[in-house]
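1. Quick one: sequence plus predicted model below, questions after.
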There are 6 protein chains.
Amino acid sequence: DFMAGLENDIKPAYGSKEEDVERYMRNGILMWGSPVEETLKSGSLLVNQVRNSDKTPLVSVLLTGAVGSGKTALATRIAVDSGFPFLKICSPGNLVGFSESAKCQHLKKVFDDAYKSQLSCVVIDDIEKLIEYNPIGPRFSNIVTQAMMVLCKNLPPLGRRLLVIATSSNRDVIHEMGMDKSFDSHIHIKCLSNESEVMHALESLDAFTTEERSSIKRSLSGRKLWVGIKSLIRMVGTAEQAEDNMRVPTFIALLEDEGGMQ
Amino acid sequence: DFMAGLENDIKPAYGSKEEDVERYMRNGILMWGSPVEETLKSGSLLVNQVRNSDKTPLVSVLLTGAVGSGKTALATRIAVDSGFPFLKICSPGNLVGFSESAKCQHLKKVFDDAYKSQLSCVVIDDIEKLIEYNPIGPRFSNIVTQAMMVLCKNLPPLGRRLLVIATSSNRDVIHEMGMDKSFDSHIHIKCLSNESEVMHALESLDAFTTEERSSIKRSLSGRKLWVGIKSLIRMVGTAEQAEDNMRVPTFIALLEDEGGMQ
Amino acid sequence: DFMAGLENDIKPAYGSKEEDVERYMRNGILMWGSPVEETLKSGSLLVNQVRNSDKTPLVSVLLTGAVGSGKTALATRIAVDSGFPFLKICSPGNLVGFSESAKCQHLKKVFDDAYKSQLSCVVIDDIEKLIEYNPIGPRFSNIVTQAMMVLCKNLPPLGRRLLVIATSSNRDVIHEMGMDKSFDSHIHIKCLSNESEVMHALESLDAFTTEERSSIKRSLSGRKLWVGIKSLIRMVGTAEQAEDNMRVPTFIALLEDEGGMQ
Amino acid sequence: DFMAGLENDIKPAYGSKEEDVERYMRNGILMWGSPVEETLKSGSLLVNQVRNSDKTPLVSVLLTGAVGSGKTALATRIAVDSGFPFLKICSPGNLVGFSESAKCQHLKKVFDDAYKSQLSCVVIDDIEKLIEYNPIGPRFSNIVTQAMMVLCKNLPPLGRRLLVIATSSNRDVIHEMGMDKSFDSHIHIKCLSNESEVMHALESLDAFTTEERSSIKRSLSGRKLWVGIKSLIRMVGTAEQAEDNMRVPTFIALLEDEGGMQ
Amino acid sequence: DFMAGLENDIKPAYGSKEEDVERYMRNGILMWGSPVEETLKSGSLLVNQVRNSDKTPLVSVLLTGAVGSGKTALATRIAVDSGFPFLKICSPGNLVGFSESAKCQHLKKVFDDAYKSQLSCVVIDDIEKLIEYNPIGPRFSNIVTQAMMVLCKNLPPLGRRLLVIATSSNRDVIHEMGMDKSFDSHIHIKCLSNESEVMHALESLDAFTTEERSSIKRSLSGRKLWVGIKSLIRMVGTAEQAEDNMRVPTFIALLEDEGGMQ
Amino acid sequence: DFMAGLENDIKPAYGSKEEDVERYMRNGILMWGSPVEETLKSGSLLVNQVRNSDKTPLVSVLLTGAVGSGKTALATRIAVDSGFPFLKICSPGNLVGFSESAKCQHLKKVFDDAYKSQLSCVVIDDIEKLIEYNPIGPRFSNIVTQAMMVLCKNLPPLGRRLLVIATSSNRDVIHEMGMDKSFDSHIHIKCLSNESEVMHALESLDAFTTEERSSIKRSLSGRKLWVGIKSLIRMVGTAEQAEDNMRVPTFIALLEDEGGMQ
Ligand SMILES: Nc1ncnc2c1ncn2[C@@H]1O[C@H](COP(=O)(O)OP(=O)(O)OP(=O)(O)O)[C@@H](O)[C@H]1O
Ligand SMILES: Nc1ncnc2c1ncn2[C@@H]1O[C@H](COP(=O)(O)OP(=O)(O)OP(=O)(O)O)[C@@H](O)[C@H]1O
Ligand SMILES: Nc1ncnc2c1ncn2[C@@H]1O[C@H](COP(=O)(O)OP(=O)(O)OP(=O)(O)O)[C@@H](O)[C@H]1O
Ligand SMILES: Nc1ncnc2c1ncn2[C@@H]1O[C@H](COP(=O)(O)OP(=O)(O)OP(=O)(O)O)[C@@H](O)[C@H]1O
Ligand SMILES: Nc1ncnc2c1ncn2[C@@H]1O[C@H](COP(=O)(O)OP(=O)(O)OP(=O)(O)O)[C@@H](O)[C@H]1O
Ligand SMILES: Nc1ncnc2c1ncn2[C@@H]1O[C@H](COP(=O)(O)OP(=O)(O)OP(=O)(O)O)[C@@H](O)[C@H]1O
Ligand SMILES: [Mg+2]
Ligand SMILES: [Mg+2]
Ligand SMILES: [Mg+2]
Ligand SMILES: [Mg+2]
Ligand SMILES: [Mg+2]
Ligand SMILES: [Mg+2]
């Protein structure tokens, strides 16, 4: 159980409350395939670079991936697993109603707090929402964008070390703004892309009966799949409300409707 | 009588006054055809998902449809039928004169209030008006847009469950802004599209005399129709002011003028 | 005499002072032809719909027409003739120097006041000026536009009924902004378009001598005409300042110069 | 002497100080040709319309013309000649450093003051500067533009009469903004366009010696000319600083350089 | 020595301190060729027009020229040479951090102060910087632009005379904004454009040894040159830091690199 | 050791704390090839021009180069090596959350402080970040841009001398804004571009074992290289976290992935 381990391992000095952390990984991290393992391993190497290398006291990484691919949960997992004494997750949901300038001050405060700890991890979740990006225009808060970019490259004071993990579902915007130059490395979060990964996830979720899962397996076999773990879990939740004999068809229909299966 | 049922069923903890709810469904919900039934059934399934599924404590649905198709009344109906103890309808009419930032604060307050109840329903009526969308430019309040999008995806605290129902008459704008990614499901509200549905509605409304309705039926038969229930009721209201022998011709003329009949 | 009737008929509860009303119809309503009658009749039917129909407690109508066609005077006439106890005319001339947000508050106040009366009529004169529309850009106050659109569709509280009459000389802008969807019906105000209508107006105005009018009649006969009643009255006013033998030629020249005659 | 007449004729109730008026016509009004006479006569007719006609208590006129053609001086002359007890000249030079909104308040105050007098004249000099028009963009103050347009059409209270005279050197902008619809009539101020008009002006100015004027006359004869009276006076002023034998050549060169002669 | 003469000649009533004036002509005015003489003479004629002509109490002149061509120093020279009791130089360097509106107030104050003296000279240095012109957009402060344009044309009170000298290195912008219409005359400041002018300047500066100058002269002869005096002086300053045998080559290289020689 | 020398050499009067200076050159200045020497020598000549030349008390230089090429460290090195008693480094990291106008005030304060010392050096690091440049739009703070441009050209008071060093990774923006005209000279910072330079750097860093370096040397030989020193150091830091046998392949892969090797 991931939360049990969590409670024993870390005591964030000034940062996130445990309750928050749990919210961002509500359904845990299912090991549905090798992409999950690779992401966690890459994350772990960067954690070590921050902890060990004298040359680079600051390391920043950007997690990109489709909407619903599990970015927030994975960023949280890496951050929690670092065991760094300071951990803070900046989430747009906590900044609703903040003015642009209040958002900047908030970001600055988070980093200033992080600089007080010898080893810190800051998660900036959902960059597009943080900067209020809207493709019509396009519009966005440039001052929040700039504050974020500068903070992601700002060297901590001598003797302090910092890992920055950011997430985004819009690589194009990140690139057009030149924001990618503000990060040292990039990790792309994959969707589930074959029958075996989906079945693995459904089993881990204990979703559907064994018979239903067999039926689903048959429906999926040989089909192209592309669905994020978060979306998959939501479809399961919807399908489970249908009448007994409609649960599997509803699930399959949702996968097809939302373009997750061809 | 729908209001009678309403009064017995729900006691909104902090939310809408009953008077408000009645205004949004002034002419009730006429069961003029299968689209109405399907919409109410889809709504009911989402209500159950919120109530029952542990995996998805938040479900959001977007109701789209032509101007005057009955979006507001149907959203209100689904919300009221949920029987959730907290019910709040955010309507542009209540926010006239609010600054962009006051609108954000208002939205935040509505959701914060909702989070205090174990089961809540928030209706956001007429997204385009809420975000002050104007096709010239186009112009709109990006900060209200962002606040709305973030709140529609923000997980409630552990142990709380929330249904969000939003309405819009402009699917293109929703799509261009990527706002559709903020909602779990979409329901499209249909217009009345054949003689039988219109006659059904007129009868339920007790509009016109039996002879007049026969005459209308003859005029409509074999014609293509496309008219929202709200618009239809307005045309009835206007036609009824005409002199006796002009009531049916006025009604038919209105249907034709406004593109509802070909 | 229209003002005499006015004084006996209405006692606006909170609304316009009589002096104001007189200003908007300074030269009365001349019955120069059938378009005037039709406009007044359409207006009267909408007044009745508000007064009588339970289904539609709110009716809104947009009067469009060329600059100087008599929109303001006709809207005022319909509003005054309704005899509704509450009558308020929102005119740009009273809002000079108001900030965008003060204009919104003013509009809101007008409607809130209207909601206090069982039967109310609100006239919103010259929408383009109210929203500060400028074709260069184009520029306009979106927040005033939105406030106006929302208020024109906002259902009054249970038991209250409201007629909204708006005027505009720019149908294209109204359409491009989708503002036409905020109104239940449209009435287009015509210009005087033939010799008979112009002669009728001149006689009612008691303008020129009988001989001069004969001379004008001869000049106009067989010519295409297109002139608003307000513009016509102004041309009369100017022509009357010319020396005696120049009055008719000046009048004809003005008609020709301003494109009113071909 | 025009200022002498001025002092006897008018005592502006709340408006311009005499000193101001003199500044706007520093070099008097030279009767250099028929365009000057026609302009003054047209102005005089409008003055009479305001004074005499019951139908049109408000008359507005726009004076357009090239930069330096004498617009400000002629508007001032017409206003002064009206003999109306209230006279106010709104000049951009008096509004430097005013915010957009302060300019609106100032305009409103000017008209409110005018409404207190039975017969008033308001001059709005240099509309483009007042509205801060800049062709790059273009940029301008829309709220000042709107305030001006509304005030120019706003009917004075019953019993009050008002003449509005505005000037502009950019007819295109006026037209593109639809501002021309805010004025009842237009007068175009001409430049001096032939040798006789220029010589008439030079004589009235008592500029150059008789011999020099003969020499100038020879240089100009048969050439196309197009020069505003203000520009002409400036060129005279410059040429007079040259050494004696260079005065005429300098004057001719200036006329040629600035496109005033071909 | 130009500063010596300066101290004896003028005692600016409210304006620039002498120290300032010296900064703007740090390296004096070298008479490197006829363009310098012509500029000073044109300036002197305008000074006389202000001092002598009754018809034109206000004269404004715009000095344009390439970056580094000596505009600021020449404007200062003309202003100082006027001997007018009031002299004020508005320089962007003194307005850093001023808001747009503070800049307008400053300009207004400068002209108001000038109006208090019978004979005044105001220098507005570097218009593009003053109006914060940026070719990307383009962006600029329109309110400062407007304030400047209005003040440059605003007639001083009766009895006061004013010379306005402005400088700019971007004639295109000036023209596109129609700002050229705000000035009575234009003077274009030339760059040094042949070997003889450059050698003249180097000698006056006492730059390089006689042998080095001979060497430079040989290198320049027959080459096209185009370099501003300020740039030339900077190149001398740089070349003088090189090791002895590198001084001439460094100087020639700088001239070539910066496009000053072909 | 460069910091040791630093501590003995300078005592910044009002400016940077030593700790800051160290942060900007965390990994020292490795002499990896002739471009480093040339940059330091050019910087030293400009330092001398400021110190020695009477004609040019202000010298400004712009350092451009790719992201991660070592601009900040080299600017700091030149500034520190000047030994000027006043030294101040303006870094975006210290201005997060500052409003545009606060940034202007800050810049002004820095220069005002510099003007108090006889010999000063101001470093403006990362112009694009300072002016909040975003290529989408593009957007940037024009008032900060203008303040910076004006201050970079503003002559210090008589008797004071100032060296301004600015850095930028976006030459195109600098050029489009005409900001290059605000600097007297330009120095372009090169990336490491051949095997020998990289090996030199790795040896100086004492990175990898001797065997690993031999292996790397073989991999690089004959390949095109283009990598900034900062990026190179980061890649070393990452590679060192890999398991022993993966260190060299990881390093080579990073070089290839980021386009540094072909
Ligand atoms: N392997 C996994 N990786 C990520 N999330 C997982 C995994 N297994 C289960 N989950 C669950 O899936 C959900 C992922 O949702 P998450 O919010 O992280 O997605 P997201 O990509 O951030 O979505 P959005 O694009 O909407 O922000 C969480 O509830 C998480 O507990
Ligand atoms: N089946 C039905 N569905 C929806 N509304 C119905 C139905 N039957 C009757 N009505 C009545 O029709 C009207 C629908 O109006 P409503 O305001 O919901 O339309 P709308 O689509 O929201 O309009 P708008 O686009 O103007 O916001 C209400 O008065 C409602 O009581
Ligand atoms: N039949 C009529 N219809 C309208 N106005 C009439 C009629 N007969 C006379 N009038 C007079 O004509 C004038 C119409 O002016 P009004 O201000 O209503 O025009 P308008 O179209 O609103 O002008 P604008 O486009 O400038 O706002 C009023 O003075 C009114 O008294
Ligand atoms: N017939 C005339 N008409 C106008 N101005 C005349 C005439 N005769 C002499 N003048 C003088 O010519 C000058 C006209 O200047 P004025 O400021 O009116 O020009 P303008 O067109 O308003 O210029 P600008 O376009 O710069 O505003 C005044 O000094 C005025 O006294
Ligand atoms: N004939 C001359 N004309 C102008 N300046 C001269 C002349 N001779 C020497 N100088 C010196 O050359 C320098 C000219 O610099 P100035 O600041 O006036 O140039 P500028 O064109 O205003 O530059 P910028 O375009 O950067 O504003 C001054 O130091 C001045 O003393
Ligand atoms: N020769 C060198 N030149 C510059 N920096 C060097 C050199 N040798 C080692 N370094 C180190 O390399 C790093 C250069 O980083 P620096 O921040 O200066 O790069 P930058 O070009 O400013 O990066 P960015 O584009 O991200 O601002 C510093 O840690 C510095 O100590
Ligand atoms: Mg997420
Ligand atoms: Mg609705
Ligand atoms: Mg009107
Ligand atoms: Mg003028
Ligand atoms: Mg200069
Ligand atoms: Mg840097």
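-> On my side now, so go ahead. Ligands and ions are numbered 1, 2, ... in the order given.
2. for stretch A:197-212, which positions count as buried?
-> By 16 or more other CB atoms under 10 Å in any protein chain shown, the buried positions in stretch A:197-212 come out as A:197, A:198, A:199, A:200, A:201, A:202, A:205, A:207, A:208, A:212. C-beta here means a position set from N, CA and C on the backbone, and glycine is covered the same way.
3. I'd like these laid out as CSV, including distance to residue D:234.
-> As requested, the buried residues of stretch A:197-212 are exported to CSV (distance: CB to CB, whole Å):
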residue, distance to residue D:234
A:197, 84
A:198, 85
A:199, 90
A:200, 88
A:201, 85
A:202, 88
A:205, 87
A:207, 88
A:208, 92
A:212, 94
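4. quick one: which of the residues you listed is nearest ligand 12?
-> For those, the residue nearest ligand 12 by CB to the ion is residue A:197; the value is 42.4 Å.
5. Pretty sure that closest one sits in a helix.
-> Yes: with DSSP: H, G, I helix; E, B strand; the rest coil as the criterion, residue A:197 is assigned to a helix.
6. From what I see, it and residue A:36 are in contact.
-> No: look at residue A:197 against residue A:36 with CB atoms under 8 Å: they stay out of range, at 9.3 Å.
7. Which parts of the stretch 51-200 of chain A are strands?
-> For the stretch 51-200 of chain A, strands defined by DSSP state E, counting those that start in this stretch occupy the ranges A:58-65, A:86-90, A:119-124, A:161-168, A:185-189.
8. any chance of those in CSV, plus distance to residue D:173?
-> Converted to CSV, those look like this (distance: least, CB to CB, whole Å):
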stretch, distance to residue D:173
strand A:58-65, 49
strand A:86-90, 48
strand A:119-124, 48
strand A:161-168, 45
strand A:185-189, 51
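9. wait, which of the ones you listed is closest to residue F:234?
-> Among those, strand A:58-65 comes nearest to residue F:234, with 8.2 Å by CB to CB.
10. Check which helices and strands the closest one is in contact with.
-> helix A:34-52, helix A:71-82, helix A:142-153, strand A:161-168, helix A:171-176, strand A:185-189 (3 or more CB pairs under 8 Å, 6 or more residues apart in numbering or on different chains; DSSP states H and E).
11. Relative to ligand 11, which of the strands of the stretch 51-200 of chain A is closest?
-> That would be strand A:58-65 among the strands of the stretch 51-200 of chain A, by CB to the ion, at 42.6 Å.
12. could I get the buried residues of stretch A:197-212 as JSON lines with distance to ligand 4 and pLDDT?
-> Output for the buried residues of stretch A:197-212, formatted as JSON lines (distance: CB to the nearest ligand atom, whole Å; pLDDT from 0 to 100):
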{"residue": "A:197", "distance to ligand 4": "76", "pLDDT": "96"}
{"residue": "A:198", "distance to ligand 4": "77", "pLDDT": "97"}
{"residue": "A:199", "distance to ligand 4": "82", "pLDDT": "97"}
{"residue": "A:200", "distance to ligand 4": "81", "pLDDT": "97"}
{"residue": "A:201", "distance to ligand 4": "77", "pLDDT": "97"}
{"residue": "A:202", "distance to ligand 4": "80", "pLDDT": "97"}
{"residue": "A:205", "distance to ligand 4": "79", "pLDDT": "96"}
{"residue": "A:207", "distance to ligand 4": "80", "pLDDT": "95"}
{"residue": "A:208", "distance to ligand 4": "83", "pLDDT": "96"}
{"residue": "A:212", "distance to ligand 4": "85", "pLDDT": "97"}
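13. what's the closest non-adjacent residue to residue A:197?
-> Nearest non-adjacent residue to residue A:197, counting by CB to CB, 6 or more residues apart in numbering or on different chains: residue A:33, 4.3 Å away.
14. Equivalent analysis for residue A:77, please.
-> residue A:29 (5.1 Å).
15. Tell me how far that neighbour lies from residue F:79.
-> 49 Å (CB to CB, to the nearest Å).
16. Name the residue in those two with the higher neighbour count.
-> Counted by other CB atoms under 10 Å in any protein chain shown, residue A:29 and residue F:79 do not tie: residue F:79 has more neighbours, with 27 against 19.
17. ok, the nearest residue to that one once chain neighbours are set aside - contacts?
-> Leaving out its chain neighbours, the residue that sits closest to residue F:79 by CB to CB, 6+ apart is residue F:121, at 4.6 Å. Residue F:121 is in contact with F:47, F:79, F:82, F:84, F:86, F:87, F:88, F:114, F:162, F:163, F:164, F:165, counting by CB atoms under 8 Å, 6 or more residues apart in numbering or on different chains.
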